[in-house]
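In: Got a predicted structure here, sequence first:
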Amino acid sequence: MSIKIFVPKDAVALGLGANRVAREIFSGAEQRGLDVEIVRTGTRGMLWLEPMIEVATPEGRIAYGPVTHADVEGLLDAGLHEGGAHALRLGNPEEIPFLKRQHRLTFHRCGVVDPVSVEDYRAHGGYRGLEAALKLEPAKVVEQVKDSGLRGRGGAGFPAGIKWNTVMLAENERKYVVCNADEGDSGTFADRIMMEGDPFNLIEGMTIAAVAVGATRGYIYCRSEYPQAFRTMRDAIANGVKAGTLGENILGSGKTFHLEVRLGAGAYICGEETSLLESLEGRRGLVRAKPPIPALKGFMGKPTLVNNVMTFTAVPWILEHGAKAYAEYGMGRSLGTLPIQLAGNIKQGGLIEYAFGITIREIIEDFGGGTFSGRPVRAVQVGGPLGAYFPDNLLDTPLDYEKMAAAKGLVGHGGIVVFDDTVDMAKQARFAFEFCATESCGKCTPCRIGATRGVETMDKVIAGNRPEANIELVKDLCEIMTDGSLCAMGGLTPMPVMSAITHFPEDFTRGSSLPIAAE
């Protein structure tokens, strides 16, 4: 009987030499006369331990990491195939505190299964949600999504069930389901980890959505910087069609759903749903004015359900276990679990799935282990490049849509980027304007011109050129961008700028003897 050894092919693991590790294990095992089967998986999300390899033993899986190609010979000599003792031995991966404390509903298969195997997916509970959905009327499926309290995980937090219901009720001979996998926010990688590690979960979620709203065709819009995710999704879709879980007559139900994955061209603005649809139709990614909303007039002018990867991938668990079980996680109006991505100056960066309500400080200290540099945390940006910078006194804010909004921040896509006390917050404010100026689609003046003027004005502040007057100008620019921009690109850029000015005013007064009034 062959020995199963699991080696990740997640982008992070590949970048750290996982392919060479796999080759060394195979050749080393062959030399020792060991019959080894190497299974390439995704990551479990403990990125500081990558490449983390696992071996199947009678007592369960045993993990080792981080493993380099130079470690393989010693691991094999120590009895890797039997889970033998070694300095890199981590034991049962699910007992590692970082993973054990999580609420893994959406990500429970990531790092466990062969990503492109339908059989492995089904052996680990896959397609039970779709099977349950196919036994229900479409309205009942939508009702489950509504009752679960699931909100869009892409950043807006709009109730998913309401959007699904709108598309379901729209009368048209053709409807579409589109997945926004253009994960462009800094410090975010949950979509990538899912697509590389458990693509059938996304496929199943989109298929359930198609059955519910009456769509027969769908598209996954994947960002161009994710070639590994793109290839994995493409292979999984092809295998799903062969297995009868996609295409014509899904699982013998008579239902049809054709799915394609498309690669974007690298524009951050295409993370906005209407720009994404423009790009998907073959045009330049420009924001569309609303109304009409995509749910009524979206892709090719037809009713279109557009959701994020994390929204779709929550759905199979909801349909399998029930809306009530999902709604038992979380707090207030923020129900279920949130995929949190911890990055920046942090000891233990990675993916954490946890119920809404955990605080930013708990994530940084209990999961992240503090800063990588060992210096004090000074600022934390939550929600991507358009999210607020929080100082220490706001780190006990719960990750909850309403609580974060009350603190003048946002949950966004769940990305958390940590900075220690060497960060210059005036330069971070300048970066927010620079990012917007670079990535703006250019359609509306407040965003296109406001961001450019913002960079110029922040340069004057940093140089000590009349900082008080120029900060007042920055505040005026932020007000215009917030009120006048066509979409969240320009509308939210003021959030990181104003939070930096408000919470870290000392970084903006180096060229002046006068303090800046916080707002």
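Out: Thanks, I have it.

In: Tell me the buried residues in stretch 245-254?
Out: Neighbour-count burial for stretch 245-254, counted by 16 or more other C-beta atoms under 10 Å, picks out Thr245, Leu246, Ile250. Backbone N, C-alpha and C define where each C-beta goes, glycine included.

In: Could you point out which of the residues you listed is nearest to Pro496?
Out: Nearest to Pro496 out of these is Leu246 (C-beta to C-beta; 40.6 Å).

In: quick one, what contacts the closest one?
Out: By C-beta atoms under 8 Å, 6 or more residues apart in numbering, Leu246 lies in contact with Ile203, Thr207, Ile237, Gly240, Phe257, His258, Leu259.

In: 10 Å instead?
Out: 118, 200, 203-204, 206-207, 218, 236-240, 256-259 (C-beta atoms under 10 Å, 6 or more residues apart in numbering).

In: where does the stretch 301-450 of the chain have low pLDDT?
Out: Applying pLDDT under 70 to the stretch 301-450 of the chain picks out no residues at all.

In: the strands in it, which residues?
Out: Per DSSP state E, counting those that start in this stretch, the stretch 301-450 of the chain carries strands over the ranges 304-308, 330-331, 334-335, 337-344, 350-355, 377-382, 389-390, 415-420.

In: between those, which gets nearest to Arg101?
Out: Nearest of these to Arg101, taken as C-beta to C-beta: strand 350-355 at 7.9 Å.

In: Stretch 398-418: how far from the chain's middle?
Out: 14 Å (C-alpha atoms, centre = their mean, to the nearest Å).

In: Any chance you could give me it in PDB, C-alpha atoms only?
Out: C-alpha atoms of stretch 398-418 as PDB (Å, rounded to 0.1, in the frame of the first residue of the first chain):
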ATOM      1  CA  PRO A 398     -15.100  44.000  16.900                       C
ATOM      2  CA  LEU A 399     -14.900  42.900  13.300                       C
ATOM      3  CA  ASP A 400     -18.600  43.600  12.600                       C
ATOM      4  CA  TYR A 401     -20.000  45.700   9.700                       C
ATOM      5  CA  GLU A 402     -21.900  48.100  12.000                       C
ATOM      6  CA  LYS A 403     -19.200  48.400  14.700                       C
ATOM      7  CA  MET A 404     -16.500  49.100  12.200                       C
ATOM      8  CA  ALA A 405     -18.600  51.700  10.500                       C
ATOM      9  CA  ALA A 406     -19.300  53.400  13.800                       C
ATOM     10  CA  ALA A 407     -15.500  53.600  14.300                       C
ATOM     11  CA  LYS A 408     -15.300  55.200  10.800                       C
ATOM     12  CA  GLY A 409     -13.700  52.100   9.300                       C
ATOM     13  CA  LEU A 410     -14.800  49.100   7.200                       C
ATOM     14  CA  VAL A 411     -14.600  45.300   7.200                       C
ATOM     15  CA  GLY A 412     -14.100  45.200   3.400                       C
ATOM     16  CA  HIS A 413     -12.800  41.900   2.200                       C
ATOM     17  CA  GLY A 414     -11.400  41.000   5.600                       C
ATOM     18  CA  GLY A 415      -7.700  42.000   5.000                       C
ATOM     19  CA  ILE A 416      -5.700  43.200   8.000                       C
ATOM     20  CA  VAL A 417      -2.300  44.800   7.400                       C
ATOM     21  CA  VAL A 418      -0.100  45.600  10.500                       C
END
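
In: Could I get the buried residue list for that stretch?
Out: Residues of stretch 398-418 classed as buried by neighbour count (16+ other C-beta under 10 Å): 398-401, 403-404, 407, 409-418.

In: cool, stretch 295-308 as well?
Out: Ala295, Leu296, Lys297, Gly298, Phe299, Lys302, Pro303, Thr304, Leu305, Val306, Asn307, Asn308.

In: same question, stretch 441-451
Out: So, applying 16+ other C-beta under 10 Å, buried residues of stretch 441-451: Cys441, Lys443, Cys444, Pro446, Cys447, Arg448, Ile449, Gly450, Ala451.

In: I'd like the residues you listed laid out as TSV, including distance to Thr166.
Out: Below are the buried residues of stretch 441-451 laid out as TSV (distance: C-beta to C-beta, whole Å):
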residue	distance to Thr166
Cys441	25
Lys443	25
Cys444	26
Pro446	29
Cys447	27
Arg448	31
Ile449	34
Gly450	32
Ala451	32
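
In: got the residue ranges for the strands in the stretch 1-150 of the chain?
Out: Listed in chain order, the strands of the stretch 1-150 of the chain (DSSP E, counting those that start in this stretch) span 3-8, 36-41, 53-57, 60-64, 89-91.

In: what about the closest residue to Gly79 other than its chain neighbours, distance to Leu75?
Out: Distances taken as C-beta to C-beta, 6 or more residues apart in numbering place Ala85 nearest to Gly79, at 7.7 Å, with adjacent residues excluded. Per C-beta to C-beta, to the nearest Å, Ala85 is found 11 Å from Leu75.

In: give the contact list for the nearest residue to Leu49 once chain neighbours are set aside.
Out: In space, and not counting its chain neighbours, Leu49 is closest to Gly65: 4.0 Å by C-beta to C-beta, 6+ apart. Listed by C-beta under 10 Å, 6+ apart, the contact set of Gly65 reads 8, 13, 21, 44, 46, 48-54, 71, 88-90, 93, 96.

In: Likewise for Val417?
Out: Shown in contact with Val417 (C-beta under 10 Å, 6+ apart): 185-188, 341-346, 349, 379-385, 387, 389.

In: ChimeraX command for the buried members of these?
Out: A single ChimeraX command selects the buried members of the contacts of Val417 (16+ other C-beta under 10 Å):
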select :185,186,187,188,341,342,343,344,345,346,349,379,380,381,382,383,384,385,387,389
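
In: Touching the helix or strand bottoming out on mean pLDDT in the chain from outside, list them.
Out: Of all helical and strand segments in the chain, the minimum by mean pLDDT, DSSP states H and E falls on helix 488-492, at a mean of 84. For helix 488-492, the surrounding residues in contact (C-beta under 10 Å, 6+ apart) are 155-156, 268-269, 271-272, 275, 287, 383-388, 410, 412, 432, 435-436, 439-441, 443-451, 480-485, 495.

In: Looks like His124 contacts Val118 (just checking).
Out: No: applying C-beta atoms under 10 Å as the test, His124 and Val118 come out as separate, 11.2 Å apart.

In: Could you check how far Pro339 is from Asp392?
Out: Using C-beta to C-beta, Pro339 is found at 25 Å from Asp392.

In: So these two - more neighbours on which side?
Out: Looking at Pro339 and Asp392 with other C-beta atoms under 10 Å, you find the greater number of neighbours at Pro339, namely 27 against 13.

In: Does the more buried one touch Phe356 like I think?
Out: No: at 11.2 Å, Pro339 does not count as touching Phe356 under the criterion of C-beta under 10 Å.

In: Quantify the burial of Ile364 by counting its neighbouring residues.
Out: Using other C-beta under 10 Å, Ile364 has 22 other residues around it.

In: Please apply the same query to the one 10 residues further on.
Out: The number of residues packed near Gly374 is 9, by other C-beta under 10 Å.

In: Do I have it right that it meets Lys347?
Out: Yes: counting by C-beta under 10 Å, Gly374 touches Lys347, with 8.6 Å between them.

In: Quick check on the residue nearest the centre of the chain: phi, psi?
Out: Closest residue to the average C-alpha location of the chain: Ala190 at 3.1 Å, with C-alpha atoms, centre = their mean. Ala190 adopts backbone torsions of phi -60, psi -40, taken as degrees, to the nearest 10.

In: quick one, what contacts it?
Out: With C-beta under 10 Å, 6+ apart, Ala190 has these contacts: 45, 106-107, 110, 153, 183, 308-310, 313, 338-341, 351-353, 413-415.

In: Helices of the stretch 1-150 of the chain, start to end?
Out: Counting by DSSP state H, counting those that start in this stretch, the stretch 1-150 of the chain has helices at residues 11-15, 18-31, 72-77, 97-100, 118-123, 128-134, 138-148.
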